[in-house]
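*Asks:* need coordinates for the below:
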Amino acid sequence: MKEIISSVGKLNHIAIAVPNIQIASDMWKKALGANVSTPQTLHDHGVKVVFVEAPNTKVELLEPLYENSPISKFLQKNPNGGMHHICYEVENIKSASKRLEAVGAKILGDGLPKIGAHGNPVIFLDPKDFSGTLIELEEVK
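*Replies:* Here you go, the predicted structure:
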């Protein structure tokens, strides 16, 4: 039986790095009337996150947990914050990884999925392969 290769699915979220998640969350709430989730700490990723809910997607606000967090490095270059990555859904992260490897696209880190903020496996793709944009793929069933 032929293996089904995962294709990119719908946009799950756009992530914005922020120097202070409380200040950023308050602005989204007050200025835009947005619903903002309770903060989560993701030690494996070195971030604190909240999700701003929208009818068609989410915005993830990311604050670094410590100095050597990838978000800290991003904020050193962009002190006021800015768009960090976009996340697309895939049906099967292992199939998506195989497809990426087959075409020479690089998966960051050790190449293995980690559990993301939604409790699903995620991988990040090298921005050099995607026009300078960091892409996250999240397995959503």
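
*Asks:* scan the protein for its longest strand.
*Replies:* strand 82-90 (DSSP state E).

*Asks:* would you pull up how far it lies from the middle of the chain?
*Replies:* How far strand 82-90 lies from its chain's middle: 5 Å, per C-alpha atoms, centre = their mean, to the nearest Å.

*Asks:* can you give me the offset of the helix or strand harbouring residue 30 from its chain's centre?
*Replies:* Per DSSP states H and E: residue 30 is located in helix 21-32. In terms of C-alpha atoms, centre = their mean, the centre of helix 21-32 is set 19 Å apart from its chain centre.

*Asks:* now it: buried residues?
*Replies:* Buried residues in helix 21-32, counted by 16 or more other C-beta atoms under 10 Å: 21, 24-25, 28. Placement of C-beta: from N, CA and C, glycine included.

*Asks:* again with stretch 108-123
*Replies:* 113, 116-118, 120-123.

*Asks:* now, which of those sits nearest residue 86?
*Replies:* Nearest to residue 86 among the buried residues of stretch 108-123, counting by C-beta to C-beta, is residue 122 at 12.5 Å.

*Asks:* contacts only, for that closest one.
*Replies:* Counting by C-beta atoms under 8 Å, 6 or more residues apart in numbering, residue 122 makes contact with 87, 93, 113-116, 136-139.
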